[in-house]
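In: generate a structure from the sequence data that follows.
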Amino acid sequence: MQTVAVLSLKGGVGKTTVVLGLASAAMRRGVRTLVVDLDPQCNATACLEPEETTKGLSDVLADPSPEVLRAAVTGSSWGEEVDVLVGSEDAESHNGQHGDGEHLSRLTTALSELDGLIADGELPYQLVLLDCPPSLGRLTRSALIAADRALLVTEPTIFAVSGVQRAFEAVQAERQSTNPDLQPLGVIVNRVRPRSHEHQFRIDELRDIFGPLVLPVALPDRLAVQQAQGACMPIHQWGTPGAREVALAFNLVLARTLRAGRPRRAEPDDDELLDGAE
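Out: Numbering: from 1, shown residues only. A predicted model of the protein is given here:
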C-alpha cells in the first residue's frame, strides 16, 4: 500500500484537484484507492459523494479504533475502486499548531487497521491519498507522519512558489524528526498556461530550486477540471478535449506515484497509462 500526502502551505493551488485527478487515474487502471479528506473544508468528500456514514475524520482522530474507522470509511459515487474516509468540518479542532506524539500518530494508527476493513473477495487498498489542509498544523503533520511519500502542489505564481518551499521544508523536518521513511515524491505545477511568460518564468524558478523533483508533466489550466468537479465526476469520464488533456497528465503522475512504491517492472509503463485516458 502506497500512502501519499498531497500538500502545499498556500491555499487555492489545487491540492484537492490533484487528489481527485490521481483517484480518477487510479480508478481507470483498476487501482483500489482510499481518499482521506483531512481538509476541514471537505471538498474532496463533497466531490466524491460518499454514502452516508455515522462517523468522520474527526471521530477517527479522537479514537482510531477499528470500529470507528469502519464507520468513517465508505464507498464513493465514482465506483467501487474509490472509497473515502469522509471529512469533518469539526476536524479543525484537531488542527492546532502543537500536539504530542500520541495525537500526531493517531492517523497512522488508524491507517494501519485498513486491511481489517476489506471484505471477502475485495482487493486491499493499493493507494491511499491524504488531502491535507493548507497549513502546517496537526492535520498536515499527522499526514506526513503517516505517509510514505509527499507530493507538493503549486501554481506558477510567486506566492505559490513560496508556499511550496515552506511545504518542502516541513517534509524535510518531519522526515528528520518523526518519519525517516518519508520521501518527497515531487513538485507538481498546476493550472499552467503554456503561452504565459510569467508561468514559464516561475516553472524555471521552481526547477532552479528543486531540480529534478519538479515533475516533467504539468497540469494545464482547463475549464474541464472545474466542470467535472461541479458534476462530481472523475476527470477521465468528462469526455471533453480539455478533460482528456488533463487526464493524460494525471496518468503520468500516477505512473510516477506507483513506481515510487514498487519495482518498476511490476507497474504499467507510461505508454499503457496514456492509453488508459483514451
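In: measure Arg244 to Arg28 for me?
Out: Separation of Arg244 from Arg28 (Cβ to Cβ, to the nearest Å): 12 Å. The C-beta positions use only the backbone N, C-alpha and C, and glycine is treated the same way.
In: which one's more surrounded, those two?
Out: Between Arg244 and Arg28, counted using other Cβ atoms under 10 Å, the more crowded position is Arg28 (21 against 16).
In: quick check, the more buried one in contact with His236.
Out: Yes: under the criterion of Cβ atoms under 8 Å, Arg28 makes contact with His236 at 4.9 Å.
In: quick one: Ala25 and Ala247 touch, right?
Out: Yes: between Ala25 and Ala247 there is a contact under Cβ under 8 Å: 7.0 Å.
In: of the two, who's got more company?
Out: Per other Cβ under 10 Å, whichever of Ala25 and Ala247 has more neighbours is Ala25, with 29 against 25.
In: alpha carbons only: can I get stretch 107-119 in CSV?
Out: Extracted as CSV, the C-alpha positions of stretch 107-119 are listed here (Å, rounded to 0.1, in the frame of the first residue of the first chain):
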residue,chain,number,x,y,z
LEU,A,107,-3.9,8.8,11.8
THR,A,108,-1.0,6.3,11.4
THR,A,109,-2.7,4.0,13.9
ALA,A,110,-6.0,4.2,12.0
LEU,A,111,-4.5,3.6,8.6
SER,A,112,-2.7,0.5,10.0
GLU,A,113,-6.1,-1.0,10.5
LEU,A,114,-7.3,-0.6,6.9
ASP,A,115,-6.7,-4.3,6.0
GLY,A,116,-9.3,-5.2,8.6
LEU,A,117,-12.0,-3.3,6.6
ILE,A,118,-11.6,-5.4,3.5
ALA,A,119,-14.5,-7.8,3.0
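In: just how off-centre is that stretch within its chain?
Out: 18 Å (Cα atoms, centre = their mean, to the nearest Å).
In: what residue ranges in this protein score low on pLDDT?
Out: Residue ranges of the chain with pLDDT under 70: 96-100, 262-278.
In: quick check: the residue of the chain most remote from its centre vs Ser162, distance?
Out: In the chain, counting by Cα atoms, centre = their mean, His197 sits farthest out from the average C-alpha position, at 28.5 Å. Applying Cβ to Cβ, one obtains 20 Å for the distance of His197 from Ser162.
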